[in-house]
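*Asks:* 3D model of this:
(2 chains)
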Amino acid sequence: MSRDLHNEIKTKLKDDIMQGALTKFAEQYPGARLKSYENVGDGSQEAIDELRDDLRDMKLRTVDSIEKYADEFQKSVEARGGVVYRAKDGDDLKEYLIKIANENGVKRIVKSKSMATEEIHLNHDLEEKGFHVRETDLGEWMLAVAGQKPSHMVMPAIHLNRQQCAKFFSQELKEEIPSDIPFMIQTARRVLREEFRAADMGITGANFGVAENGAIGLVTNEGNARLVTTLPRIHVVIIGYEKLIPKVKDIAKIVRLLPRNGTCQRMTSYMTMIDGPTPVIYKKDGEWVEENRKQYVILLDNGRLKAAHDPKMRQAFQCVRCASCLNVCPIWTLVGGHVYGHIYSGGIGAILTGLLGKGSMEAFGQFSDLCIGCRKCVSICPGKVPIPDLIDELRHRNVKEKGLAFPEKMAFQHILTNRKLFHTLLRTASLAQKPVQSGKFIRHLPLFFAHLTEGRSLPAVSDKPFRDRMAELSKNNPKNPVKRVAFFSGCNLDFVFPDTAENVVKVLQDLNMEVVFPEAQSCCGKPAIGMGDRDTGKVLAKQNIEAFEKAGADVIVCACPTCAETLEKTYVEMFAEDSKWRTRVELFAAKIREFTSFVAEEYEKQGRLKETEGAEKVTYHDSCHMRRGLNVWKEPRALLKAAKDVDFVEMHNPDKCCGMAGAFGMRYAEISLPMLKEKLNNVKNTGASTVAVACPACMMQIGGGLDQDLPDVKVKHIADILAERL
Amino acid sequence: MEKVCRNWPKEAFSKDLINPNSWKEFEENAKLAAAEVYRLPDMAAAKEKLIELLKSLEVKSILAVGGDEYPALDKLYKDLAAEGNAIHTEKFDIAESANTADLGISTAEFGIGETGSLCVDNYSYEARVTSMMPPVNLVFMNADYTTTDVDTAFDVISKVFDKGYMGFVTGPSRTADIERVLSLGVHGPSRLIIFAMDSGMERSDD
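*Replies:* Numbers count the residues shown, from 1 in each chain, chains lettered A, B, ... in the order given. This is a model prediction of the structure:
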């Protein structure tokens, strides 16, 4: 079924209850998380990273030999009297489960939270077969009553408020339940206690399964998993292969991180390990009897083993399902997990959706473009899963299999790869926009384009692109240069912000460097690569590499971090398997330097990086690609602090995405605008008269917002600020 | 009573793993997780404190385990019974009264400084029911038995954990599923009270 994402987004953005909950949570989470890590080593990022590396390495070692560990796990469970079944998919699992339920005369089932059972829609099928099934996690229980899916793996009902919860309570219990939280909790305790006591079978998931002794682990706060595994006479564990770990000691690697990242606790209330059948006392024909509980462990594949053998996708096994990638995701915290997700939500959710079960790729394709690649999730993920990279890879596979939609295909494969045609079109646009242009902006568009300029002006394509200005600028090249620099402008600086591009050249010439501009350079390819079209990316890469090889420069400077990251990193990855091009690509990539970090290094050498005081309040916005893609964030600040007359002030959340993210800002204007609004608000609160950026895409977004909301505040590229002071 | 390990100190503890100096951090983190912690010199002091609790909680029915392992606890349970309290220590009795008892008394093997967690060996059904079903769980531990961190805790556990049911308990049962408001006692106890003993936790098999 095709989803109408724009409509879903619109509905969620208007859901004030959810918006209030997510905004508050997004604000509180980062600090609370860090607090829980304060007593890990010295509490530094390095100490946290050491734990993360350990976890990642352990999980990768396991996935390398996943069959071996699965065999060992099975043997361990069986040696202790448990029964193991390996289910290849959801249908297989359900058939087996229904069979054992019938064999054991089961009528009532209690469950503690398991995303794997959500993944295969287990409850629905069990209920259809006449079993009485109850979720016992409070959030899951309410959602089951409401007929909704979890919007978060750890906080399934975060999108609801107490009044809505009370409504579901009343509906289920057929009596009026007031929206008083303690009262609701006690009511749930009373009602669910009866469910636990009457149940014949308990079904749980598992946070881990230990190969060496067959133990499974359950990490919970409510304690429902302990009751599910204590009171009923049968215990069924549904565990995905990705949860297997080699040794008991490896559990520490998971539980030192999972609670801290998941719920900002040093440990959850209950961390339970169950190994083999354990005693149960229950009434049999009116008499108390004690016997060993029957234990069935079902290992679920459903796409997991294929992923385990995939050199790229195996990294998804590093995930411990803490869902912290959602908590810091600028998209999830705006639209929630029902929009950004299918069954699993957020960034990791997109990946799991693409890998697991029937129709996985199709479900993935419906919402996968919501990841903006800001890499905030990567900076905190306990298992260091490179989430945006895996999403990119899946997008690429999806495009390879199904092809691009016609407009993208046309734009990428026929226009972007033909530089002359592309540039001619841009020049034509600069003429065509005249009727709607006012100064450097387009403030209003007619008819069905009108929404594009709501809340944000669009920059006008310049009359005279940078490439037409370079001949004049070349005259100022120094006679005896210390370096020969080739300038890669990228499309934005060339056609939208040529004044800034000029300033880049001026700053470099002032450093006694000769600047050349290879005319045959083209788009870096990121717009196509980001949509999964790597073939177009490769065509453009080859054009650019050829153009720059001819320039014979010492370094290639780039004042757009997205281009810099693409040229330096993505090109190398794209040609890793290409023996003919690999070396050329690596030589090219080794010369790439991001503008601010390059200039800061040179200024430092010349003693020009001394902090000064000034009157002009300037704040700085970190571009996602710059901060987390290139790890450059100190240098632009050092340049600003050293700039004459500048009083540098930090804004709140300087590294939170401004909402542009390449074409995303246009494609999902409805999401992009609230992100922009938040950014503008943070700018406003600093009282700064200038926002400095080092990325032309951020400059476009923030500049467009300032033009409509805060016309007295200017956005400037750091190159502009530096050039003004030469 | 069935256990993962019959004698943790003998089989799993060693000087490099168990560090009494972690007590302060354990106490701090346990309290951070909403546990109530009392450090007590001996069983007489424990009894006094317990009787105070029985009164204030208006306890009518108690589940209690660990008497077979710790003679001083066995004596305490018998004394309480003799003084007219309804205290259930036999497994079928515990099963029968599980849903109506107001207090469960159980034991922990050791505490973890880094997290304030109790490591509990709950192989037996009665130990699980005692610690989970009543609204208040009182846990006896030896105050000297703490590990510095979770890694060390698993060094200890990995020596003896071959099969059974065990884990960590860190504060009372909690949920934040409604509006992220912290609420205690959703399925398990709403109060976790720790009696950390300086003496009195000598074992029957020592």
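
*Asks:* Please name the nearest non-neighbouring residue to B:Leu80.
*Replies:* Once flanking residues are discounted, B:Leu80 sits nearest to B:Ile87: 5.1 Å by Cβ to Cβ, 6 or more residues apart in numbering or on different chains. Quick note: C-beta positions are derived from backbone N, CA and C, even for glycine.

*Asks:* Now do A:Tyr241 against chain B, distance only.
*Replies:* 22 Å (Cβ to the nearest Cβ, to the nearest Å).

*Asks:* Quick check, the residue nearest to B:Leu80 in contact with B:Leu76.
*Replies:* No. Judged on Cβ atoms under 8 Å, B:Ile87 makes no contact with B:Leu76 at a distance of 9.5 Å.

*Asks:* Return the alpha-carbon coordinates of stretch B:30-49 using CSV.
*Replies:* Extracted in CSV, the C-alpha atoms of stretch B:30-49 (Å, rounded to 0.1, in the frame of the first residue of the first chain):
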residue,chain,number,x,y,z
ALA,B,30,20.8,2.7,44.9
LYS,B,31,19.2,5.8,46.4
LEU,B,32,19.3,7.6,43.0
ALA,B,33,17.2,4.6,41.8
ALA,B,34,14.7,5.3,44.6
ALA,B,35,15.8,2.3,46.8
GLU,B,36,15.7,3.0,50.6
VAL,B,37,19.0,1.9,52.1
TYR,B,38,19.7,1.2,55.8
ARG,B,39,23.1,0.1,57.0
LEU,B,40,22.7,-1.9,60.2
PRO,B,41,25.2,-3.3,62.7
ASP,B,42,23.5,-6.6,63.5
MET,B,43,20.3,-8.6,63.4
ALA,B,44,18.9,-7.0,66.6
ALA,B,45,19.0,-3.6,64.9
ALA,B,46,17.5,-5.1,61.8
LYS,B,47,14.6,-6.6,63.8
GLU,B,48,14.0,-3.3,65.5
LYS,B,49,13.8,-1.5,62.1
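
*Asks:* That stretch: which residues count as buried?
*Replies:* B:Ala30, B:Ala33, B:Ala34, B:Ala35, B:Glu36, B:Val37, B:Tyr38, B:Leu40, B:Met43, B:Ala45, B:Ala46, B:Lys47 (16 or more other Cβ atoms under 10 Å in any protein chain shown).

*Asks:* cool, and stretch A:114-129?
*Replies:* Within stretch A:114-129, the residues scored as buried using 16+ other Cβ under 10 Å are A:Ser114, A:Met115, A:Ala116, A:Thr117, A:Glu118, A:Glu119, A:Ile120, A:Leu122, A:Asn123, A:Asp125, A:Leu126.

*Asks:* Turn these into CSV, including distance to chain B, pLDDT and secondary structure.
*Replies:* Shown next, in CSV, are the buried residues of stretch A:114-129 (distance: Cβ to the nearest Cβ, whole Å; pLDDT from 0 to 100; DSSP: H, G, I helix; E, B strand; the rest coil):
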residue, distance to chain B, pLDDT, secondary structure
A:Ser114, 16, 91, coil
A:Met115, 16, 92, helix
A:Ala116, 20, 94, helix
A:Thr117, 18, 94, helix
A:Glu118, 16, 92, helix
A:Glu119, 21, 94, helix
A:Ile120, 23, 95, coil
A:Leu122, 21, 96, helix
A:Asn123, 18, 94, helix
A:Asp125, 25, 96, helix
A:Leu126, 22, 97, helix
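
*Asks:* Pull out the buried residues from stretch A:365-385.
*Replies:* Buried residues in stretch A:365-385, counted by 16+ other Cβ under 10 Å: A:365-378, A:380-385.

*Asks:* Repeat that for stretch A:558-574.
*Replies:* Across stretch A:558-574, burial judged by 16+ other Cβ under 10 Å covers A:558-572, A:574.

*Asks:* Stretch A:504-524 now?
*Replies:* Neighbour-count burial for stretch A:504-524, with 16+ other Cβ under 10 Å as criterion, is recorded at A:504-511, A:513-518, A:521-524.

*Asks:* show me where the stretch 601-726 of chain A has helices.
*Replies:* A:624, A:634-642, A:664-667, A:669-686, A:696-709, A:718-724 (DSSP state H, counting those that start in this stretch).

*Asks:* Nearest approach to chain B belongs to which of those helices?
*Replies:* helix A:669-686 (20.4 Å; Cβ to the nearest Cβ).

*Asks:* For the closest one, name the packing helices and strands.
*Replies:* helix A:5-13, helix A:332-339, strand A:616-620, helix A:664-667, helix A:696-709 (3 or more Cβ pairs under 8 Å, 6 or more residues apart in numbering or on different chains; DSSP states H and E).

*Asks:* Can you point out the buried residues in it?
*Replies:* Judged by neighbour count using 16+ other Cβ under 10 Å, the buried positions of helix A:669-686 are A:669-676, A:678-680, A:682-683, A:686.

*Asks:* all helices of the stretch 401-550 of chain A, in order?
*Replies:* A:406-409, A:419-432, A:470-474, A:490-491, A:498-510, A:526-530, A:534-551.

*Asks:* Quick one: closest of those to chain B.
*Replies:* With Cβ to the nearest Cβ, the closest approach to chain B among the helices of the stretch 401-550 of chain A belongs to helix A:526-530: 34.1 Å.

*Asks:* what's the spacing between that closest one and its chain's center?
*Replies:* Helix A:526-530 sits 17 Å away from the centroid of its parent chain (Cα atoms, centre = their mean, to the nearest Å).

*Asks:* Check stretch A:131-140 too.
*Replies:* The chain centroid and the centroid of stretch A:131-140 are separated by 30 Å under Cα atoms, centre = their mean.
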